[in-house]
Every structure is written in structure tokens, then in C-alpha cells.
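Undergrad: pasted the sequence and its predicted model underneath.
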Amino acid sequence: MIYTKSNTSYPPVAFHRNSTVANDRKASIKFCANFSKDESAPNLQFIDYLKRIIASATSIQHLSLGCLPSLTQFNNEIVECLSQYQSSSIKSLHISRCQSSEVCVYQPIGIQDLLMLRGLQYLSLDMADLSDLLLTSLTEGGRAKLVSLNINIFTHEEGVRQIRDRTWNLVHQSCPDLILTLNLIKCAEAVRDMMTVVNASMPLTHLRVLFCDELYVSGLHHVARHQCSTLQSLLIVESMREGPIFYDIGVDEQDPFVMMSWRCKKLSSFSVIGVALREHDVLAVARLRGMQLTKFEVLEECITAFNNNDSEFEEDYAMSFETFCEEISTSLAREWLPLTLDDDVVDDCLVYYDSPECNAYLPILMADQLSALPLNIH
């Protein structure tokens with residue numbers, strides 16, 4: 001999506017007039033991700049159109065490439081073009097990917113070109129493009145304050161880019177209200193290396209673990225311990241095609257989700273789907289967060305006390321499903337029920353193999369990008 005103020009005539013394949021905008025000089029161009037299409041032959045003419053728009057538009061404030069590999073492989077060229085023609089106007093830039101591609105060769109973004117965009121406030125990019133130099137430079141004086149930073153990790157081929165604690169401390173001091181979101185997408189290695197991925201000083205606001213097929217208690221305890229003053233939401237979504245994921249807890253070890261709920265005083269959104277949870281741990285999360293927990297989502301099929309499966313957890317006690325829901329409702333001060341696989345909000349990809357998992361996580365990533373749109377664009 002591009003938001004621009006230009007009278008330039010754009011190609012019909014890309015152009016979409018925003019009906020909610022009265023001013024004819026304002027237009028919106030949307031690139032809609034569709035992973036079912038063949039990405040092997042990126043439309044070079046389309047990239048050329050995009051660069052022409054960037055060069056001719058009066059003022060581009062928002063640009064999103066929709067997480068499409070066929071577009072994001074040209075990130076370097078697009079950012080260079082923005083630095084030449086829109087360096088003072090661009091506020092919101094989303095050039096992250098959410099999957100690797102065997103046919104699209106990705107070129108690293110030129111840091112100097114990106115730093116030319118001095119009005120940048122909202123940024124989404126891949127962990128592979130992140131560096132101490134980039135983060136330090138983005139917080140320098142004379143620039144617009146960074147409001148939101150979204151980081152995607154979807155491959156471990158190049159290893160995790162290690163950012164120094166000193167750099168994250170500088171970011172937090174310069175941008176104390178920064179909304180920092182980390183998305184781990186179908187990358188089990190990143191979950192295993194959570195303590196490396198999430199530095200102790202990283203001012204993490206939102207953590208998402210999406211279809212990684214792994215869950216490590218040590219990593220969750222690390223986040224609960226070090227991100228306790230900044231973490232506001234936790235989202236974990238795993239496939240239920242072969243049942244929920246189980247995690248091991250030591251004899252004298254506390255449940256990581258309970259500890260996170262106790263330590264993280266700003267935690268207001270807790271969604272854990274596709275992970276087996278003990279009944280009393282779910283109750284503990286609700287009691288610890290109480291009315292501050294504005295979003296609380298777990299699957300009924302994942303609560304071990306209410307499912308006849310060979311659970312690796314031993315329940316200390318059991319209660320009826322009705323009593324369980326009533327106790328949580330009391331803690332949250334509102335009526336509450338767990339989600340079920342039959343609910344409309346639960347995507348089919350959690351159960352059916354023929355439904356791509358990107359159907360579940362892509363709308364989440366794109367919603368972040370849409371929320372970055374300036375108020376006068378809507």
C-alpha cells in the first residue's frame with residue numbers, strides 16, 4: 001500500500017481509489033499478498049511503475065510491500081528511490097518479509113539510504129537487516145522519534161543478528177514510548193535461541209510466536225525476567241493438526257506463563273493457541289492479571305483437564321468446566337469462555353492441511369502496518 005498526495009496517473013493493475021477520502025489528490029495503492037500465486041517471475045514492469053510513482057508523487061507518507069517476496073526482493077532499489085525523492089515525507093515504511101523464497105534473491109537494504117528517511121516513525125523490517133549501526137542512527141537527534149518498530153524472523157539460515165544490550169538501552173532512552181514488536185514466524189531455531197534473539201535490554205512490547213512448532217520454557221522465563229517492565233502482549237499460535245504442543249517443567253520450576261503474568265505488570269493481552277495448558281495455570285494467569293487482561297484467549301481443546309487425552313501434565317485437582325469459566329469470569333470482571341476450534345475466529349489452517357498457515361498470521365502482520373497509517377489517511 002502507498003499513501004500519496006499526487007495527481008499522477010497510475011497503472012490500473014495497482015490503482016485503488018480510497019472511497020473514504022474526499023480529497024481527489026489523495027490516493028491509495030494496495031499490494032495484496034497472495035502466497036498461492038507463482039512468485040517465480042516477479043513483475044519487473046510493476047516494480048518500474050512503483051519507482052515511477054515514488055519519483056513523481058508529491059508526498060508519500062506510507063509504503064507497504066505486503067510481505068510479498070516478489071516485491072521485497074527489490075527492497076534495496078525501493079529504499080534507494082525513496083531516499084532520492086521522498087526522504088522528507090515518508091513516515092511509515094514496511095518492507096519486511098514473512099517467508100523465504102527459493103526463486104527470489106533478496107538484497108540487503110542500504111543502511112545509508114534508509115537513514116536518509118529522517119521523518120520515519122513506523123518501520124517494519126527483517127532481523128537480517130537490523131544492526132547496531134542502524135538502530136543507533138535511527139535514534140539520533142534531528143530525526144523524527146521512532147514510534148513503532150516491527151521485526152520479523154522467519155529463517156535461521158544466516159543466524160540471529162546479535163544486537164548489543166548497549167544499543168537497546170540507547171533505543172529505550174531515546175524512544176521510551178517505542179512500540180517494539182517481534183514476530184517469530186515458522187522458525188523453530190529462533191524459539192530455541194530465544195535468549196539470544198531477545199536481549200536482556202530489548203524493550204520488547206509485543207512477542208508473537210507463530211507456527212514455530214517449538215516451545216522452550218527457558219526462553220519464556222528469560223522474557224518474563226528481562227522484559228517485565230515493557231511486555232504488553234503475548235501471542236503464540238501453533239497448529240492443532242496433530243494435537244497441541246506440550247512443554248516440560250522441572251519438578252521445582254514454575255509454569256512460564258504464570259511467571260510471565262506475575263512479573264510483567266503491563267501484560268494486557270494473552271493469547272496462547274495450540275499449546276497444552278493445565279487448568280490451574282490458566283486460572284492463575286486470569287487471577288494474576290485480573291481486569292488488566294483485556295484479551296485472554298486459550299483453546300478449550302488445549303486445556304488438559306477437559307480433554308480425554310494422554311496428557312503429559314498431571315492435574316492437581318479438577319473442577320467442572322462451568323466452574324472453571326465462572327472463576328475466570330470473576331477474575332476478569334466480564335463473561336469469559338475459551339475459544340474452540342469451531343469458532344469463526346479460529347482459522348481452518350490450525351486443523352486442515354490444505355489451508356495455508358499464512359492465512360492465520362498474514363492478517364496479523366498486515367494489521368500492524370495498517371495501524372501505522374496517519375489519521376488523515378483513513
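TA: Perfect, thanks for sending it. All values reported here derive from a predicted model rather than from experimental measurement. Numbers count the residues shown, from 1 in each chain.

Undergrad: can you map out the strands along the stretch 151-300 of the chain?
TA: In the stretch 151-300 of the chain, strands defined by DSSP state E, counting those that start in this stretch lie at 179-185, 206-210, 233-237, 269-273, 295-298, listed in chain order.

Undergrad: please identify the helix or strand for residue 46.
TA: Taking DSSP states H and E as the definition, residue 46 sits inside helix 44-56.

Undergrad: gap between that helix and the chain center?
TA: In this view, helix 44-56 has its centroid 28 Å away from the chain centroid, taken as C-alpha atoms, centre = their mean, to the nearest Å.

Undergrad: same deal with stretch 352-368?
TA: Taking mean C-alpha positions (C-alpha atoms, centre = their mean), stretch 352-368 and its chain are 12 Å apart.

Undergrad: can you list the buried residues in that stretch?
TA: Taking 16 or more other C-beta atoms under 10 Å as the basis for neighbour counts, the residues of stretch 352-368 that come out buried are 357-358, 360-362, 364-366, 368. Placement of C-beta: from N, CA and C, glycine included.

Undergrad: reformat these as JSON lines; add secondary structure and distance to residue 87.
TA: Listed next are the buried residues of stretch 352-368 as JSON lines, based on DSSP: H, G, I helix; E, B strand; the rest coil; distance: C-beta to C-beta, whole Å:
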{"residue": "357", "secondary structure": "coil", "distance to residue 87": "37"}
{"residue": "358", "secondary structure": "helix", "distance to residue 87": "33"}
{"residue": "360", "secondary structure": "helix", "distance to residue 87": "36"}
{"residue": "361", "secondary structure": "helix", "distance to residue 87": "32"}
{"residue": "362", "secondary structure": "helix", "distance to residue 87": "30"}
{"residue": "364", "secondary structure": "helix", "distance to residue 87": "30"}
{"residue": "365", "secondary structure": "helix", "distance to residue 87": "26"}
{"residue": "366", "secondary structure": "helix", "distance to residue 87": "25"}
{"residue": "368", "secondary structure": "helix", "distance to residue 87": "24"}
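
Undergrad: before we move on, the earlier item: can I get the strands of the stretch 151-300 of the chain in JSON lines including distance to residue 324, mean neighbour count and mean pLDDT?
TA: Formatted as JSON lines, the entries for the strands of the stretch 151-300 of the chain read as follows, by distance: least, C-beta to C-beta, whole Å; neighbours: other C-beta atoms under 10 Å; pLDDT from 0 to 100:
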{"stretch": "strand 179-185", "distance to residue 324": "30", "mean neighbour count": "23", "mean pLDDT": "95"}
{"stretch": "strand 206-210", "distance to residue 324": "25", "mean neighbour count": "23", "mean pLDDT": "96"}
{"stretch": "strand 233-237", "distance to residue 324": "21", "mean neighbour count": "21", "mean pLDDT": "97"}
{"stretch": "strand 269-273", "distance to residue 324": "16", "mean neighbour count": "21", "mean pLDDT": "97"}
{"stretch": "strand 295-298", "distance to residue 324": "11", "mean neighbour count": "17", "mean pLDDT": "97"}
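
Undergrad: adding distance to residue 86, write those out as CSV.
TA: Conversion of the strands of the stretch 151-300 of the chain to CSV gives the following (distance: least, C-beta to C-beta, whole Å):
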stretch, distance to residue 86
strand 179-185, 23
strand 206-210, 28
strand 233-237, 32
strand 269-273, 34
strand 295-298, 36
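
Undergrad: so which helix or strand of this protein has the lowest pLDDT on average?
TA: For the chain, counting by mean pLDDT, DSSP states H and E, strand 15-16 ranks last in confidence among helices and strands (a mean of 30).

Undergrad: residue ranges for the strands of the stretch 1-150 of the chain, please.
TA: In the stretch 1-150 of the chain, the segments counted as strands under DSSP E, counting those that start in this stretch are 2-5, 15-16, 26-29, 60-64, 92-94, 122-126, 148-153.
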